[in-house]
Every structure is written in structure tokens, then in C-alpha cells.
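Novice: Sequence and predicted structure are below.
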Amino acid sequence: PAPALSMEQPWFRVGRKIVLNFLFMSLCFSINHGTVTALLSLASADLGNSLGSAGSGTLYALYTASALLVSSWVVGRWGSKVGLVLALGLYCFYVASFLVADQQPALKWYAVLTGSVIGGIGAGVLWTAQGVFFLRSSQAYAQASGWSDTKTNSYLAGVF
């Protein structure tokens, strides 16, 4: 049986750090992904049907290609934390492209398509890195707490 929760137990401090790191990742991920999702919803209304569709299609095409061809290599080479930071940063280019399109209408097509390409590459890496980070956090928390893998997976899924 798993030990009862107590702040007196040594594993609690280690487990708490793991959960706080996971919570921080979840917060950053949620803010970034929520912003992208909101802009995807507004793309056609804000940019027009042609550019909105072209930008969204480009984002998803590169997301798929990146997930299949690049993400495992990035996460395997640099790890899940670097993969997450890199992917979140690349995804920000998609968000920034809307600002450029709004402020520089002459560059609208170039900005949105470039942002969609870069953001799409980031999106493919993001989900792979998040999955590996989740797995490793869950394993570390299970080891620190003595909980089963199933219980720690469920707990961290609730946090995420």
C-alpha cells in the first residue's frame, strides 16, 4: 500500500518539487496553447478567408510533418525540457505573426505564412516533448512517493 500523505515524510519534499515543476510546465503550456487556439479560431475573421485558411493549413501541415519527422530527434537529442522550451518559443512565432499582420498590412501574407511554418514545426515538437516530460515526471513522482504508476499518472493528468 502507498504511504499516507504527510509533510513529515522525506519523499514529500522531493515529490513536491516534482509536482511544482510539472505545474509550471502545465501553466506555460496552457497559456501558450490557449493563445494559439484562440488565434486559430479568429484567423479567418481577422485575416480574411484566404489568408486565414492558408495560415491554418500551413500550421497543421508543418505540425504533422514535424511530429512525424523531427520531434523524436529533437527530444532524443536535447531532452524533453529543452524540447518544450524550444517548441513553446517556436509556437510564439505564430502568435507574433498576427501582430505583424495587424501592424504591417503589406507584409500580412509573408508574416502569417512564415509564422505558420515556424509555429507548425514547434507544435509537432511540443506534444512529443510534453509526453516525455509527463512520463518522466510521473515515474519520478512514483519513485519518490511510493505510489503506483497508475496513481501518479492519474494525479499528474489531473494537474495538467
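Specialist: All right, it came through fine. Everything numeric in this text was worked out from a predicted model, so none of it was measured.
Novice: Quick one: distance of the particular helix or strand that has residue 81 in it to the chain centre.
Specialist: Taking DSSP states H and E as the definition, one finds residue 81 inside helix 71-103. The chain centroid and the centroid of helix 71-103 are separated by 8 Å, computed with C-alpha atoms, centre = their mean, to the nearest Å.
Novice: do stretch 124-140 as well
Specialist: 10 Å.
Novice: In that stretch, which of the residues would be classed as buried?
Specialist: Neighbour-count burial for stretch 124-140, counted by 16 or more other C-beta atoms under 10 Å, picks out 124-130, 132-134, 137-138, 140. Where C-beta positions appear, they are placed from N, C-alpha and C, glycine not excepted.
Novice: low-scoring pLDDT stretches of the protein, where are they?
Specialist: 1-14 (pLDDT under 70).
Novice: picking that back up, quick check: which helices or strands does the helix holding residue 81 pack against?
Specialist: When contacts are defined as 3 or more C-beta pairs under 8 Å, 6 or more residues apart in numbering; DSSP states H and E, helix 71-103 sits against helix 10-47, helix 49-69, helix 108-145.
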